[in-house]
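A.B. asks: sequence and predicted structure below; questions after.
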Amino acid sequence: MKKSEKVAGSVAGYVDDRTGAAAWAKKNLTKVFPDHWSFMLGEIALYSFVILLLSGVFLTFWFDPSQQEVIYNGSYSPLSHVAMSSSYASTLHISFDVRGGLLMRQIHHWAALIFLAAIVVHLLRVFFTGAFRKPREANWLIGIGLLTLGIVEGFLGYSLPDDLLSGTGVRIAEAIMQAIPVVGSYLSYFAFGGAFPGHVFIPRIYIVHVLLLPGIFLALITVHLMLVWYQKHTQYPGPGRKETNVVGYPLMPVYMAKAGGFFFIVFGITAFLGAVASINPIWLYGPYTPGQISAGSQPDWYMGWMDGLVRMAPPLETHAFGHTISWNILLPGLIIPGILFAGMAAYPFIEAWISGDNREHHLLDRPRNVPNRTALGAMSLSFMIIALANGGNDVIATHFHLTINGIMWFTRIGLFVVPPIVFIITKRICLSLQRADREIVLHGRETGRLVMTPDGEFLEVHEELTPEKKWTLTQHEQPVPIALPSKGSAWALSPKRVKDVLRSRMSEANATSVASPTESEARELESGHH
Amino acid sequence: MKPSRKRLTKFRRQRFAGPVLVVAALLTIGSAFSIASALPSAQKSEASAQSTLVGEGKQIFLRGCSSCHGLNAEGGAIAPSLIGVGAAAVDFQVGTGRMPMADMSQQAMRKKPIYDATQTAALAAYVASLAPGPAAVDPASLTWERDGNVAQGGALFRTNCAMCHNFAAQGGALSNGKYAPTLMGVEPQHIYEAMITGPQSMPKFSDKTITPAEKLSIIKWIKAAQSEPAIGGASLGRVGPVTEGLLVWTLGLGLLVAVAVWLAMKAR
């Protein structure tokens, strides 16, 4: 035994004697995880979060979250002697007078955009593969919570520098707050400590941004990962993979190395973006003054869809009992986002109710095999993309020489027309892919090789799939719709009856699928072929 | 008195007195005449040059502009009257290539000027001759480099201009396909003329709203913004978070997912 091994062994022995860690470490370090690139999307979000913590701590060393007015005296001459808030001045100081400060600011902001984008693609993967099903509903809800808080956290960070763009964003947030019927104006006065913009808002959101929300994030991420650990990771179907096992590689050394390496790659790509591409050039925006505004004021992309909805909302207002209800802000700013996020959170429960499926699932769905869910996801995505496009309508208008009104009307109508079309098309595509699967399982792969028989007949040679491939294409369950209970009078419109009818209709739509080839079908064809 | 009179009498009696007096008289009368005649002739030739310029301008106007603006610049169904818009408006519209319009779309766009400087001056002189209006701005009189104040100009720009032209003077969208153009690469005198004439959708900024000195500061800020190096890396068009979001979803996430795929292949 080498000397170094001896030392390591004695240290490990010392720790194990006192903590009993060896048994725990042996069990957990050898834990097996399945391998697929799409399982690494959540990791991107996790690593971006770490980058955000590190770069954010750096920024706090110089950032001064105060709305105290100061006269700028730093090295960016186009703003010299301009009156501005201390938070804006300190952000300029970080950008121009702190070594590496601008790079860190840009890394922080790019990491925030990547963080939320990674959360969204991770969520899409989980949704389209059905990974949210029992027993993982709780983790789905935590994920929705992380996404919601991530959007809030990103918006607060965007608001902190108190530049012209972020002040405009805060002004819109104030408008959304005020749009809440009855309590809105009180809420706004509470948040701003008086009339907008006041002197307390930035110090307040600073503490929320650097302490409260990161703390909640750490807690939620920990629970999120512990649940993945405890419930084990889902896996894609394939030969040898069952609901009761996990096929993959051990944490140590495979995933330790991969995850560690991936962290550095994520950090590298974020730092690359921070080094080569300008983000949030606050010195160009100028300090915030309520009397000023810039054309093309936009939020970051993760709020862009909401901004797009606000931009397309028709000017509707109701006056009643001395109160004004601004539907033009309430609807796109609160009600529609509320419905979207509540629907997303409730989806696992709704799907379980419709399908009547109460079993645990550890094998993932191939999206084509659940056409209704896949179509619903695509439909929601198209809704968000249309809303997001309208959020950038002014930039689209100037760069593609379009009219902003035209884009607004296109998205206004498109918001209602396109998602249903996307639903239908996606569902048809899923069913076609199922049919293609069935075809290829029964008849094999078309090789393109033509053979002439001695009789002069031409045949294309079909290559039979491997049994593994066949298994993968046929392992999924055939959905069975829930039949309408025939008890009671068929015409009695009791709430229970309505519920039953609704459920059976939806379950029927949900169960649309192309029948997987049965064993006897396969055998019949085989005997026919040979 | 006696001695001086005696000296004068003595002088008169000299032989050369006559010719000297004649030469002196001739010189006086001649130079007086030439000065007297020179003044009005200079004025007259300038006026005649001006009237030729106006004439030339009118010819250009009749050929290139009158089909829309009317034979007497009185305007028509598709184009405004030019009576009283002044030389500044003409210098801006023609000098930036906006007029003559290429097509009757939402608004005239900046393009390569069709008329050269002399022709533009002629057109401006013709339009200015119709009725008084703001004069064209002489670039030499715009001492923005010396007298402008960048920081003050920036503040004025954000208050008065950024709402349409964007925070970095990159331009922005207006309603129904109209737009505030980018101010990058626009000549200082054209920026100044735009402020005093309010072309197309732009409001007029009179000398009371924004003083001439403040206008110079605005020009200086625009020029500073134009020549500002890309401090944080690629500028992404200076249009705000839209291009940033686009980059994160294409290059950023594209690279990261590609790496994830590569790592997943690499494991085996």
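C.D. replies: All right, it came through fine.

A.B. asks: give me the helices and strands touching the longest helix seen in chain A, please.
C.D. replies: Taking residue count as the measure and DSSP state H as the definition, the longest helix of chain A comes out as helix A:404-443. Helix A:404-443 makes packing contacts with helix A:301-312, helix A:371-391, helix A:393-400, helix A:467-474, helix A:519-529 when contacts are defined by 3 or more Cβ pairs under 8 Å, 6 or more residues apart in numbering or on different chains; DSSP states H and E. For the C-beta atoms, the positions are set from N, CA and C on the backbone; glycine is no exception.

A.B. asks: most tightly packed of these?
C.D. replies: Among the helices and strands packed on helix A:404-443, ranked by average contacts under mean count of other Cβ atoms under 10 Å in any protein chain shown, first place goes to helix A:301-312 (a mean of 23).

A.B. asks: about what we covered before: which of the helices and strands packed on helix A:404-443 comes out lowest on mean pLDDT?
C.D. replies: Within the helices and strands packed on helix A:404-443, confidence is poorest for helix A:519-529, with a mean of 69 (mean pLDDT).

A.B. asks: ok and the residue in the stretch 51-200 of chain A nearest chain B?
C.D. replies: Residue nearest to chain B within the stretch 51-200 of chain A: A:L113 (4.1 Å; Cβ to the nearest Cβ).

A.B. asks: torsion angles phi and psi at that residue?
C.D. replies: Main-chain dihedrals, A:L113, degrees, to the nearest 10: phi -70, psi -40.

A.B. asks: from A:G444, how far off is the nearest residue to it once chain neighbours are set aside?
C.D. replies: Closest residue in space to A:L113, ignoring its immediate chain neighbours: B:V248 at 4.1 Å, by Cβ to Cβ, 6 or more residues apart in numbering or on different chains. Taking Cβ to Cβ, to the nearest Å as the measure, B:V248 and A:G444 are separated by 44 Å.

A.B. asks: A:F267 now?
C.D. replies: Here the criterion is Cβ to Cβ. By it, A:F267 lies 47 Å from A:G444.

A.B. asks: ok, A:L102 touching A:T91?
C.D. replies: No: judged on Cβ atoms under 8 Å, A:L102 makes no contact with A:T91 at a distance of 10.1 Å.

A.B. asks: neighbour count winner among the two?
C.D. replies: Each of A:L102 and A:T91 had its neighbours counted (other Cβ atoms under 10 Å in any protein chain shown), and the higher figure belongs to A:T91 (26 against 21).

A.B. asks: just say helix, strand or coil for the more buried one.
C.D. replies: Secondary structure, DSSP: H, G, I helix; E, B strand; the rest coil: A:T91 is helix.

A.B. asks: can you give me the pLDDT of the residue nearest to it when sequence neighbours are not counted?
C.D. replies: Using Cβ to Cβ, 6+ apart and skipping the chain neighbours, the partner closest in space to A:T91 is A:P161 (4.1 Å). The pLDDT attached to A:P161 in the predicted structure is 96.

A.B. asks: all strands of chain B, in order?
C.D. replies: Listed from the start of the chain, chain B has strands (DSSP state E) covering B:172-173, B:179-180.

A.B. asks: now the first one: mean pLDDT?
C.D. replies: Put plainly, it is strand B:172-173. The average of the pLDDT scores along strand B:172-173 is 93.

A.B. asks: for the strand or helix carrying A:M506, name the packing helices and strands.
C.D. replies: Assigned by DSSP states H and E, A:M506 belongs to helix A:495-510. With contacts defined as 3+ Cβ pairs under 8 Å, 6+ apart, the packing partners of helix A:495-510 are helix A:336-355, helix A:371-391.

A.B. asks: of those, which is nearest B:L253?
C.D. replies: Taking Cβ to Cβ as the measure, these were each checked against B:L253, and helix A:371-391 came out nearest at 14.8 Å.

A.B. asks: got the contact list for the spatially most central residue of chain B?
C.D. replies: Centrality entry for chain B: nearest residue to the mean C-alpha point is B:Q189, 3.0 Å, by Cα atoms, centre = their mean. B:Q189 makes contact with B:91, B:95, B:136-139, B:142 under the criterion Cβ atoms under 8 Å, 6 or more residues apart in numbering or on different chains.

A.B. asks: check it and give its pLDDT.
C.D. replies: In the prediction, the pLDDT value recorded for B:Q189 is 93.

A.B. asks: tell me the spacing between it and B:K111.
C.D. replies: Taking Cβ to Cβ as the criterion, B:Q189 is separated from B:K111 by 18 Å.

A.B. asks: quick one: low-confidence parts of chain A?
C.D. replies: With pLDDT under 70 as the threshold, chain A has low-confidence stretches at A:487-492, A:526-530.

A.B. asks: just the strands in it please.
C.D. replies: Residue ranges of the strands in chain A, as given by DSSP E, are A:32-33, A:69-71, A:83-85, A:249-250, A:317-320, A:323-326, A:445-452, A:458-463.

A.B. asks: now render the ones you listed as a markdown table, adding mean neighbour count and distance to chain B.
C.D. replies: A markdown table is the format used below for the strands of chain A (neighbours: other Cβ atoms under 10 Å in any protein chain shown; distance: least, Cβ to the nearest Cβ, whole Å):
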| stretch | mean neighbour count | distance to chain B |
| --- | --- | --- |
| strand A:32-33 | 19 | 10 |
| strand A:69-71 | 13 | 10 |
| strand A:83-85 | 20 | 9 |
| strand A:249-250 | 14 | 6 |
| strand A:317-320 | 10 | 21 |
| strand A:323-326 | 15 | 21 |
| strand A:445-452 | 10 | 23 |
| strand A:458-463 | 11 | 24 |
